[in-house]
Structure formats: structure tokens, C-alpha cells
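Quick one, structure for this:
(2 chains)
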Amino acid sequence: MPQSKHVYETTFIVNASLDDHQIDAAIEKVKDLILKNEGEIRELVKWGRKRFSYPIKKKNNGFYVVIEFSAPGEVVAKLERHYFLDENILRYLTIVLDKRALNAHTAANLLAAEQPAAEVKTIEAPKPTPEPPAAKVEEKTPAHE
Amino acid sequence: MAMGPRRGRRGTSTQRNASGQARKKRTCRFCDNKETYIDYKSDKRLQRFISEQGRIIPKRITGTCARHQRMLVVAIKRARHLALLPFVSDAVK
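Predicted structure coming up:
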């Protein structure tokens, strides 16, 4: 490994009053930024429009997107600068996923994959995969978009 | 002066209240499920650990263990930042 890479999870809220293609463009920009800076996107989940618990910039709902990616640390600063400058992004949160979080994540995925399987089994055996094949870009879209 | 066992009024161990009924032992929900990480995105679950006003409920009430309470607090604060949970609920405003 030339550089240490962490796994990050970034959630941001796009202005929901934009058209769908404008929202997609905003997401695309974030994706590009990660990929250009030697990052790999592990998972991209579009939650879709959600109501806020309190108004942000006088708006009551927003379009939530969660991206899980691995990248060198400098990317986070660039990413947050981009979020800051983009007026259509209302809020953002970037966190490091530590080992525990990753294990819980994979366990949850396994559980979702094999629904009827014994629950205890999947929790006790969270696969210790330090670097799973991350090149794959998964796009999950919830039913409502 | 007779004194009963010096325990917190809302401690987690089985104890008797004024009328002599045994209180059920509360356990940490997260320990029960052997959870190692509390996700800020599961706002529905976190809702259980905030009061009607939106305040975080102390662990002496919910029975959450110290370790999970610390994780829970971080998760709730993250969720608040993303407007998944309220800082102050509408009723109070």
C-alpha cells in the first residue's frame, strides 16, 4: 500500500426543490471528486427526499445521499470544501468508519442478504476482511425516488 | 437508623419499591443484541432514547450500559446535525 487509506462515510443533503437531473448532477460531481483523487466508491445509497426535523435554510425537506468510500485522507478536506462551496448542498457529515462500524455494516449486509438464516451466526462471524474488493460501485435506490 | 441497601433509586438491579413489589431488572438493549456500533442513520431506533422534548434520556432511566450510552450519544448528535432528529421538538418551540 503506497498510502494509508481509510474508509469514510459521507452523508449530504441536496436541495430537494431541484429537478431530479440537477440532483443527479450534484451527486455526480461528488462522485467524480472522490474518484479523481484516488478514492474508491464502495457503496452509494440515495435515500431520496426526506422531511427535516427542523428547517435548514428555510427548507423543510431535502434529498439525502450516503456514500461509503475509501480514500487517502486529503480527499476529505477537498470534499468538504466542495460541499461548502456548493449552494445546493444544505448539510453534510463525513465520518471515518472504524473496524467495529465496518464489521457491523458487513454483518447487517449479510443479514439482509440471507434473511431467514440464523441471526446469531451472522453476528458472531463478521468477516474480517480488511480490504474487500472495493472497485465495485453499487447503486442502491430506495423504492421512492 | 435502619438503612436499606444504598442504591440509586432507579438503579438497574432488582429492588423493592415502597409497596414491596420487585422492580424488573433493566438491561442494556444494545448489549442484549451484541451490537458493536450504533448507526446515526437509524433514526427510528434512536428516537426511543430521546425524550418528547428531544433531549437525550439518561442511562439511569433507559438502562443502557455506559459504553453503549457513549456510542448512543454520538449517534444522536450526528443524527441531529443531519436533521434526522430534532434538537428541540416542535411542541416545546
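
The residue nearest the centre of chain B: what's it in contact with?
Centroid-nearest residue in chain B, with Cα atoms, centre = their mean: B:Thr62, separated by 3.2 Å. Neighbouring residues of B:Thr62 by Cβ atoms under 8 Å, 6 or more residues apart in numbering or on different chains: B:Arg26, B:Arg29, B:Phe49. Bear in mind the C-beta positions are built from the backbone N, C-alpha and C, glycine included.

For B:Arg48, see how far away it is.
B:Thr62 is 8 Å from B:Arg48, where distance means Cβ to Cβ, to the nearest Å.

Repeat that for A:Ser53.
15 Å.

between the two, who's got more neighbours?
When A:Ser53 and B:Arg48 are compared on other Cβ atoms under 10 Å in any protein chain shown, the one with more neighbours turns out to be A:Ser53, at 20 against 9.

The more buried one reaches B:Pro86, doesn't it?
Yes - with contacts counted by Cβ atoms under 8 Å, A:Ser53 reaches B:Pro86, the gap being 4.1 Å.

can you pull out the helices in the chain?
The chain I'm using is chain A. A:20-36, A:74-85, A:99-113, A:119-124 (DSSP state H).

try again with chain B
B:29-32, B:43-46, B:59-62, B:66-81.

Save the ones you listed as a markdown table, and put in mean pLDDT too.
Shown next, in a markdown table, are those (pLDDT from 0 to 100):
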| stretch | mean pLDDT |
| --- | --- |
| helix B:29-32 | 90 |
| helix B:43-46 | 91 |
| helix B:59-62 | 93 |
| helix B:66-81 | 95 |
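
winner for burial among these?
helix B:66-81 (a mean of 18; mean count of other Cβ atoms under 10 Å in any protein chain shown).

and the angle from that helix to helix A:99-113?
Put simply, helix B:66-81 runs at 80 degrees to helix A:99-113, going by axes from the mean of the first three to the mean of the last three Cα atoms, to 10 degrees.

does chain A sit close to helix B:66-81?
Yes - contact of helix B:66-81 with chain A (Cβ under 8 Å from any Cβ of the partner chain) involves B:Arg78, B:Arg80, B:His81.
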